[in-house]
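Engineer: Model the structure of this input:
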Amino acid sequence: MLGRVGLEHEGLDRMKRQWIRLAVAALLLAACGAGAAGDEGIGEGQRAPDFRLESLDGEQMSLRDHRGQVVLVNFWATWCDPCRAEFPDIQAVYEARQGEGFTVLGVNSHETRGAIAPFVKAMGATYPILLDENGRVAKTYRPVGLPMSVLVDQEGIIQVRHVGLLTRDQLEDYLADLLP
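Structural biologist: Purely as a prediction, here's the structure:
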C-alpha cells in the first residue's frame, strides 16, 4: 500500500512540475513580447517600435528614417566592459557593409553627451550614436543586460534580439540571411 501511494505522489509531483514549466514558458513568451509577425513589440518577428533620439552630432534620428536598410540597434554604456569589447567588431562590420544597406544605431542610455563623447572618439566609432539620457527607448526595448543588440530588417521587423557581447562573426552570420 505504501509503495502505491508513493508512486501516486510521484505522478502528482511530475504533473505539478509540468504545469509549472508550462506556466513559466507562457510568462516568458508574454514578457518577451512574442506575438504575430508584424505586431509592434520587442520580440523576434515583431515590428520594432519606432523612436526618435538626438545623435551625438546633434541630429534628430529615428528608426523609421532607416526603413529599407538592415539596422543594428545596439544598447550600450561606457562602463560596460563587454560593450567596450564589441565596439571594434561592430565598427568593422559597419564600415564593410554600410554600402550594402546596413547601418548601426548605437543607443546609449542614462549617460550624458559629455560622458560618452570622449569614449566614442577614442573607440573610433563612425556610426550614429544616439542619446537616450532619460532611458525612454531602453524602457521600451527592455534590455535584460548590456550590451544588447536588435537586428531590424528592411521592413522594420526584428529578426534577432542578441543579449551580450556581439562578435564580428556572429554579426556577419546574422547579416548573411538579411543582406543580398
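
Engineer: hey, let's count contacts and neighbours off CA atoms from now on
Structural biologist: Fine.

Engineer: beta partners of Val107?
Structural biologist: Phe75, Leu130 (DSSP bridges).

Engineer: how much space between it and Leu175?
Structural biologist: Distance, Val107 to Leu175, by CA to CA, to the nearest Å: 20 Å.

Engineer: The two: who's more crowded?
Structural biologist: Set Val107 next to Leu175 and count neighbours by other CA atoms under 10 Å: Val107 wins out with 24 against 20.

Engineer: Name all residues that make contact with that one.
Structural biologist: Val73, Asn74, Phe75, Trp76, Ile129, Leu130, Leu131, Asp132 (CA atoms under 8 Å, 6 or more residues apart in numbering).

Engineer: From Val150, how far off is it?
Structural biologist: Noted for Val107: a distance of 11 Å to Val150, by CA to CA.

Engineer: what's the overlap in contacts for those two?
Structural biologist: Val73, Asn74.

Engineer: Give me the three-state assignment for Leu72.
Structural biologist: At Leu72 the chain is in strand, as set by DSSP: H, G, I helix; E, B strand; the rest coil.

Engineer: Can you tell me how far it is from Ala115?
Structural biologist: Taken as CA to CA, the span from Leu72 to Ala115 is 23 Å.

Engineer: So which of the two has more stuff around it?
Structural biologist: Leu72 (24 against 11).

Engineer: How much space separates the more buried one from Gly106?
Structural biologist: Counting by CA to CA - Leu72 and Gly106 are separated by 8 Å.

Engineer: name the helices or strands packed onto the strand or helix carrying Thr140?
Structural biologist: Applying DSSP states H and E as the criterion places Thr140 in helix 136-141. Based on contacts counted as 3 or more CA pairs under 8 Å, 6 or more residues apart in numbering; DSSP states H and E, there is no element that helix 136-141 packs against.

Engineer: Can you lay out the contacts of Val107 as JSON lines showing pLDDT?
Structural biologist: Below are the contacts of Val107 laid out as JSON lines (pLDDT from 0 to 100):
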{"residue": "Val73", "pLDDT": "98"}
{"residue": "Asn74", "pLDDT": "98"}
{"residue": "Phe75", "pLDDT": "98"}
{"residue": "Trp76", "pLDDT": "98"}
{"residue": "Ile129", "pLDDT": "98"}
{"residue": "Leu130", "pLDDT": "98"}
{"residue": "Leu131", "pLDDT": "98"}
{"residue": "Asp132", "pLDDT": "98"}
